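Chemist: Predicted model follows, preceded by the sequence.
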Amino acid sequence: MISFYAGNPTVSTSSFSTLALTPAELDNLEQLGYRDMTPIQAQSLPLILAGQDLIAQAKTGSGKTAAFGLGVLHKINPADFATQALVLCPTRELADQVANELRRLARSTSNVKILTVCGGTPIRPQIESLARGAHVIVGTPGRLLDHIERASIDLSTIHTLVLDEADRMVDMGFYDDIVTVVDACASTRQTLLFSATYPADIRRASARFLKKPAEVKVESLH
Ligand code: ADP
Ligand code: MG
């Protein structure tokens with residue numbers, strides 16, 4: 001029996017190369033200057049890549065976007081034009097930041113289309129963009145609800161749903177909108193909930209949205 005990693009001193013346990021990622025994905029991480037995983041990435045990525053539902057609690061700046069982003073992107077089939085992942089964010093600014101990080105992480109996979117769907121921009125062009133299709137949608141709950149009501153979005157083909165900054169979304173009063181958006185997503189999806197804190201209302205939300213979730217919590221930043 002040969003073990004690939006035991007006894008190899010050049011591969012630290014927090015190296016991205018310990019994960020089941022493709023050589024192209026690993027090359028791209030190296031080009032981004034991401035050599036070692038942050039603690040939240042090291043704890044959550046093996047579970048995410050194994051297809052588990054997950055509640056991950058870690059502070060701002062701990063690298064949560066790449067944690068869920070690598071999981072989301074690894075599962076995308078670019079040849080399938082259906083929407084395969086949805087990332088819910090509290091604000092347009094955060095959705096833009098997440099979409100930008102996902103685009104950097106997606107450089108290793110050809111032609112992954114990532115679309116932001118947020119309020120504060122005219123809805124008509126957004127409806128047209130949605131009609132052209134996107135593999136990954138990053139958006140805010142209110143505007144996504146609007147598209148569900150207009151039937152201009154189809155979330156029934158989602159493989160992965162991410163609730164990013166779940167505590168902030170609930171603080172901002174989005175709980176009911178989130179319920180409607182989540183109910184429009186395929187029930188067979190993997191669901192990942194990321195939060196800086198884990199108060200009672202987030203526990204309630206996770207019981208409703210996730211199936212047998214694993215839980216990881218990281219106190220320190222690096
Ligand atoms: P969070 O969502 O937890 O607040 P972010 O995902 O925004 O954190 O990441 C914070 C910063 O850390 C970003 O600038 C990101 O590019 C960087 N980063 C993430 N993962 C790594 C890593 N493994 N190595 C180096 N930098 C990283
Ligand atoms: Mg974040």
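Modeler: Everything's here; your move. Ligands and ions are numbered 1, 2, ... in the order given.
Chemist: Residues of this structure that sit close to ligand 1?
Modeler: 34, 37-38, 41, 58, 60-66 (C-beta under 6 Å from any ligand atom). In short, each C-beta sits where N, CA and C put it, glycine included.
Chemist: So which of the residues you listed sit within strands?
Modeler: residue 58 (DSSP state E).
Chemist: How about the secondary structure of residue 178?
Modeler: helix (DSSP: H, G, I helix; E, B strand; the rest coil).
Chemist: That one: how many residues sit nearby?
Modeler: Other residues lying near residue 178 total 20 when counted by other C-beta atoms under 10 Å.
Chemist: and the closest residue to it other than its chain neighbours, what does it touch?
Modeler: Using C-beta to C-beta, 6 or more residues apart in numbering and skipping residues adjacent in sequence, the residue nearest residue 178 is residue 141, 5.2 Å away. If you count contacts by C-beta atoms under 8 Å, 6 or more residues apart in numbering, residue 141 has them with 88, 169, 174, 177-178, 181.
Chemist: Looks like residue 60 contacts residue 195 (just checking).
Modeler: No - with contacts counted by C-beta atoms under 8 Å, residue 60 stays clear of residue 195, the gap being 10.8 Å.
Chemist: okay, these two: which has more neighbours?
Modeler: Neighbour totals were compared for residue 60 and residue 195, and residue 195 leads with 23 against 8 (other C-beta under 10 Å).
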